[in-house]
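Peer 1: for reference, the sequence and a predicted model appear below.
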Amino acid sequence: MRILTCIKQVPDPESRPMINQEKTWAEYGEYTSYWINRYDEHAVEEALRIREMIPGTTVDIVSIGPERIKSAIRRCLEMGADRGFHLFIDSEDYLSPSIKSRLIAEFCHDMKYDLILTGVMSEDMMSGQTGPMLAARLGIPSATSVMKLSVNGLEGSIQVERELDSGHRCSMDLTLPALVGVQSGINRPRYPSLSNVMRAKNTEIIQIRLENSLLKVVSCETVEKIQEAGSDRAGIRLEGTTAEKAAVLWRMLREKSLL
């Protein structure tokens, strides 16, 4: 069985983004920390668990981005993944789910994967669109927000349990090949073992260079302009003695039904 896990590298949420000079996207400082999107980390763990249950299974990792993406792919290799593929783009600009799904779909066409795993969404964009778009481009069934899955290798199918609104869940049977987007509660990602860390240091990450001109050809949307979010909230300064300010504050809280 061949499994592909799609991962994304995201910036530290405590880092403050800055609008670039063209006002077309945000950028981060050179000292910003990046790590694997935590939803994707659960997808990697689930792929490794399937490999442990089904002998002969291989787990590949793929990610799109600039040179720094290799550190995220390397981390997955340290967790136990077999191979890493880096779809290299020398750009920090916005990549729409449509573009990313098309680039990964073109990569997948000749690889013949039985199962593709993704996180349900990314921590930075939170759109949850790339996975379903990828499945649609490949013409395979998909399920998102998966909390539990079981692969039936003999029947060539996978049973998943999806999380719905209001705490409800539903079960689905998908015919392989299929794509599954997992939720964070599906498992607990493992810590890399020393042997896997040593192996990952000597494992070559296969880089596939993508021309920036290609992105303009396949683009379905563009970012015209972004700007800092404004705020129309203003504070009120209370004047007078302590008793006078307390009386004004009491009246304001009463008027807003807070007391």
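Peer 2: Arrived safely, thanks for sending.

Peer 1: surely Glu163 touches Met147?
Peer 2: Yes - Glu163 lies in contact with Met147 (Cβ atoms under 8 Å); the separation is 5.0 Å. Placement of C-beta: from N, CA and C, glycine included.

Peer 1: what about Glu239, how many neighbours?
Peer 2: Residue neighbour count, defined by other Cβ atoms under 10 Å, stands at 7 for Glu239.

Peer 1: hmm, I typed the wrong one, I wanted Gly139.
Peer 2: So Gly139, with other Cβ under 10 Å, has 8 neighbours.

Peer 1: quick check, pLDDT for it.
Peer 2: pLDDT recorded at Gly139 is 95.

Peer 1: ok, now which ones touch it?
Peer 2: Residues in contact with Gly139 (Cβ atoms under 8 Å, 6 or more residues apart in numbering): none are found.

Peer 1: how close does it get to Val180?
Peer 2: With distances taken as Cβ to Cβ, to the nearest Å, Gly139 is found 16 Å from Val180.

Peer 1: once you drop chain neighbours, what's closest to Glu224?
Peer 2: Thr24 (7.7 Å; Cβ to Cβ, 6 or more residues apart in numbering).

Peer 1: hang on, that neighbour packs against Glu92?
Peer 2: No - here Thr24 does not reach Glu92: they are 10.9 Å apart, not a contact under Cβ under 8 Å.

Peer 1: got a list of what the residue nearest to Glu224 touches?
Peer 2: Taking Cβ under 8 Å, 6+ apart, one finds 93-94, 223-226 in contact with Thr24.

Peer 1: would you turn the residues you listed into CSV with secondary structure and pLDDT?
Peer 2: As requested, the contacts of Thr24 are arranged in CSV below (DSSP: H, G, I helix; E, B strand; the rest coil; pLDDT from 0 to 100):
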residue, secondary structure, pLDDT
Asp93, coil, 79
Tyr94, coil, 81
Val223, coil, 76
Glu224, coil, 76
Lys225, coil, 77
Ile226, coil, 78
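
Peer 1: pick out whichever of those residues sits closest to Met172.
Peer 2: Tyr94 (32.5 Å; Cβ to Cβ).

Peer 1: on that earlier part again, want to throw the contacts of Thr24 into a markdown table with distance to Met198?
Peer 2: Shown next, in a markdown table, are the contacts of Thr24 (distance: Cβ to Cβ, whole Å):
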| residue | distance to Met198 |
| --- | --- |
| Asp93 | 36 |
| Tyr94 | 37 |
| Val223 | 42 |
| Glu224 | 48 |
| Lys225 | 48 |
| Ile226 | 43 |
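
Peer 1: who's in contact with Gln21?
Peer 2: Counting by Cβ under 8 Å, 6+ apart, Gln21 makes contact with nothing.

Peer 1: now it. Its backbone dihedrals?
Peer 2: Dihedral pair for Gln21: phi -60, psi -30, per degrees, to the nearest 10.

Peer 1: what is in contact with Glu163 and Met147 at once?
Peer 2: 169, 183, 185.

Peer 1: can you tell me which of those residues is nearest Arg83?
Peer 2: Minimum separation from Arg83 among the shared contacts of Glu163 and Met147 (Cβ to Cβ) is found for Gln183, which lies at 25.6 Å.

Peer 1: so how many other residues sit close to that closest one?
Peer 2: 19.

Peer 1: contact partners for it?
Peer 2: Gln183 touches 39, 42, 120, 145-147, 163, counting by Cβ under 8 Å, 6+ apart.
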